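K.L.:
Structural data only, the sequence is not supplied:
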């Protein structure tokens, strides 16, 4: 006789915490997401305060150390990051292989895993040792993305510079020419804005791996695997495709209504946590405005504004109470396109910014040393008896 502890499909669908909503898995000093008020706090600062004033290097220091750096600390960090931009030969070989055979996110996972090759003491799991690795990862991920892109395009690799910021160097290595200050500022704003964002899927993946006493390279490659998923880091590309398909501001509302009526998902709208407009959307909108003012490219911005207005209105009418507002991916798509990044580099660009947060979470979790081991509720059958293969 088979006894079953199975629940019905309806019970499973209504089971609490199927996505860990409301479950606190860690205490952190790094960032907090207030979805009701639309506030993102990073180490005590509202994200708007940091995005409008800080460099990405300053925010990385803030995440790692809990305070913005002094001038001397920032100068020393910048010197180390510049030095770390030089990649080991084995990593350069990995870039060459990946550029011929892999898509961007698969390539990034593969190449980042190779960075352990020049670790002077892989068995050193001290806090200081992992902090040095965190700095190397932040310095090297943008170099990897830029070199990979140029090699897959059949262009000569551009060596990193020693006289510019992380954002400026990435754009230089990506394009082969020094970019205007406005574009560097736009990219820096983006990197700061996405540096950390609570216990999102990729950050949780990094912390779970770190909790096993694995190495920081494994934690970051695991985080990259989570970020690759379309439900986490892959939305900016489709958001841009949607805006481009609409094409003209006057088409936005009708397009949105038809899309919702046919059950199509509107990319760049709605968020698992935010019930109001994503504060990062406002920051990136302002960055897009500033960039458009400098470049004179106002047409794309005007289209995006109207698509946003129409999307919010149509969703409010068709899905009342759902609070589906603009999220970070909407203006990410516009800003990164205006900076000249191809669409399939949008998620790797996100990874460049989030590496500071991932590594900070690894460092923070290292202090507790507690293995993350949640429980699950078994809903399958029990008491089954083995039947020989000849009788099945």
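P.N.:
Nice, thanks for sending it over. A quick note: this is a predicted structure, and the numbers were derived from the prediction, not measured.

K.L.:
and residue 61, what does it touch?
P.N.:
67, 68, 69, 73, 74, 77 (C-beta atoms under 8 Å, 6 or more residues apart in numbering). In this view, the C-beta of every residue, glycine as well, is placed from N, C-alpha and C.

K.L.:
at 6 Å instead, please
P.N.:
69, 77 (C-beta atoms under 6 Å, 6 or more residues apart in numbering).

K.L.:
For residue 68, see how far away it is.
P.N.:
Per C-beta to C-beta, to the nearest Å, residue 61 is found 7 Å from residue 68.

K.L.:
And for residue 84?
P.N.:
As judged by C-beta to C-beta, residue 84 and residue 68 stand 21 Å apart.

K.L.:
Pull up the overlap in contacts between residue 61 and residue 68.
P.N.:
With C-beta under 6 Å, 6+ apart, residue 61 and residue 68 have no common neighbours.

K.L.:
Which residue, neighbours along the chain excluded, lies closest to residue 217?
P.N.:
Closest residue to residue 217 apart from its sequence neighbours, by C-beta to C-beta, 6 or more residues apart in numbering: residue 116 at 4.9 Å.

K.L.:
show me the contacts for the residue positioned nearest the centre of the chain.
P.N.:
The chain has residue 350 as the residue nearest its centroid, 4.0 Å off, counting by C-alpha atoms, centre = their mean. Counting by C-beta under 6 Å, 6+ apart, residue 350 makes contact with 194, 233.

K.L.:
Give me the local confidence score for it.
P.N.:
Per-residue confidence (pLDDT) for residue 350: 95.

K.L.:
Next secondary structure element downstream of the helix or strand that contains it?
P.N.:
Residue 350 belongs to helix 346-368 when assigned by DSSP states H and E. Downstream of helix 346-368, the first helix or strand assigned by DSSP H and E is strand 381-382.

K.L.:
Now do that following strand: distance to the chain's middle.
P.N.:
Averaging C-alpha positions (C-alpha atoms, centre = their mean, to the nearest Å) puts strand 381-382 40 Å from its chain's average.

K.L.:
heads up, I number from 49, so please use that
P.N.:
With 49 as the first residue, the last one maps to strand 429-430.

K.L.:
That one pairs with which strands, and in what direction?
P.N.:
Using DSSP bridges, the strands paired with strand 429-430 are strand 51-52 (antiparallel).
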